[in-house]
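In: Build me a structure from this.
(one chain, ligands or ions: 1)
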Amino acid sequence: MLALAWLAIGALVLPAALFKTAPYGRHTVKSAGPTIPARVGWTVMESPSALLPLLLFALYPRFEPVPLVLLALFELHYIHRAFIYPFSIRAGARPMPVSIAAGAFFFTSVNGLLQGWVITHQPFAMDPRVVLGTVLFFAGFAVNKHSDRILFALRAPGESGYRIPRGGLYGLVSCPNYLGEIVQWCGFALASYSIAGLSFAVWTIANLLPRARAHHLWYRETFPDYPRERKALLPWLY
Ligand SMILES: NC(=O)c1ccc[n+]([C@@H]2O[C@H](COP(=O)([O-])OP(=O)(O)OC[C@H]3O[C@@H](n4cnc5c(N)ncnc54)[C@H](OP(=O)(O)O)[C@@H]3O)[C@@H](O)[C@H]2O)c1
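Out: All right, here's what the predicted structure looks like:
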């Protein structure tokens, strides 16, 4: 029931996010209120999804192949995102509004509990969806990490400006890091063949598709020499 409600809310976020870009990074506005350093914001707001599934697994241990694979995928992402990614962010990154970190903290808490509950409670059998979903997850994970690394390398220590990213899938789209993240969670949804997994994939699309569009328009307005053939998120399409 919670998974269905979460899916419905995620689907509603998409049209809303097309009209209002979340105010962090290059889209920060003063009216977003007080800020904290980006590294602190990312660690605090992503930690619930790293810790809550582990807590649920400790309470309801389940040493079966599919739940262990799903837990490993989820934790691989979130331990990196909460405890490694923040320390790769350049010191010059825009500070993060507390309101954004608080909203994301709520999201990762609900989502971490939901995915952790499904992993520890839903019946699973090893089937082709698990294998295909895991392959997709790793493909998306690799694209996301590689693309984020290209962005970090654009700034020398102490710099805070923006440059045109090049290399990897940046030849095709403005936001391959978002594309990788979407593929990753679609893979997880397939591997978990659950409404909960689907709801997270829908939320990720709802957050990142409008943001990719906003980044893309911003790049085009900011850099007169921005490559015209580059799309926002989907190679050759969008
Ligand atoms: N699952 C989800 O729903 C979800 C939602 C949001 C984000 N994420 C993931 O979280 C990660 C970070 O997201 P994000 O929205 O912060 O990504 P982003 O806007 O692409 O920025 C990533 C980092 O690179 C810097 N940067 C971006 N473009 C740059 C450029 N052209 N020149 C120099 N530096 C640049 C940013 O600095 P500034 O901060 O100063 O702009 C920031 O530190 C991504 O991997 C994304 O997929 C996932």
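
In: now stretch 82-102, how far from the centre of its chain.
Out: 13 Å (Cα atoms, centre = their mean, to the nearest Å).

In: ditto for stretch 119-139
Out: Remark: stretch 119-139 is offset 19 Å from the chain centroid, using Cα atoms, centre = their mean.

In: now swap in stretch 201-211 and tell me
Out: Once both centres are worked out by Cα atoms, centre = their mean, stretch 201-211 turns out to sit 8 Å from its chain's centre.

In: Disregarding residues adjacent in the polypeptide, which is nearest to the one residue sitting closest to the centre of the chain?
Out: Among the residues of the chain, Glu181 comes closest to the average C-alpha position under Cα atoms, centre = their mean, at 5.2 Å. Spatial nearest neighbour of Glu181, excluding adjacent residues (Cβ to Cβ, 6 or more residues apart in numbering): Asn144 at 4.9 Å. All C-beta atoms are positioned from the backbone trio N, CA, C, and that covers glycine.

In: just Val202 next, same as before
Out: Val202 sits nearest to Gly10 (Cβ to Cβ, 6+ apart), 4.1 Å away.

In: for that neighbour, helix, strand, or coil?
Out: Counting by DSSP: H, G, I helix; E, B strand; the rest coil, the backbone at Gly10 sits in helix.

In: Now do the helix or strand bottoming out on mean pLDDT in the chain: everything it contacts.
Out: One helix or strand of the chain scores below all others by mean pLDDT, DSSP states H and E: helix 2-19, with a mean of 93. Counting contacts by Cβ atoms under 8 Å, 6 or more residues apart in numbering, the residues outside helix 2-19 that touch it are 110-111, 114, 118, 194-196, 198-200, 202-203, 205-207, 209-211, 213.

In: Remind me what the helix or strand just after it packs against, helices and strands.
Out: As assigned by DSSP states H and E, the chain's next helix or strand after helix 2-19 is strand 35-36. With contacts defined as 3 or more Cβ pairs under 8 Å, 6 or more residues apart in numbering; DSSP states H and E, the packing partners of strand 35-36 are strand 96-97, helix 98-121.

In: Check which residues of the longest helix anywhere in the chain are buried.
Out: Using DSSP state H, we find that the single longest helix of the chain is helix 195-222. Using 16 or more other Cβ atoms under 10 Å as the test for burial, helix 195-222 gives 195-216, 218-219.

In: Please list which of the residues you listed are also close to the ligand.
Out: Among the buried residues of helix 195-222, the residues within reach of the ligand (Cβ under 6 Å from any ligand atom) are Trp203, Thr204, Asn207, Leu208.

In: Looking at those residues, which one is closest to Glu159?
Out: For those, the residue nearest Glu159 by Cβ to Cβ is Leu208; the value is 25.2 Å.
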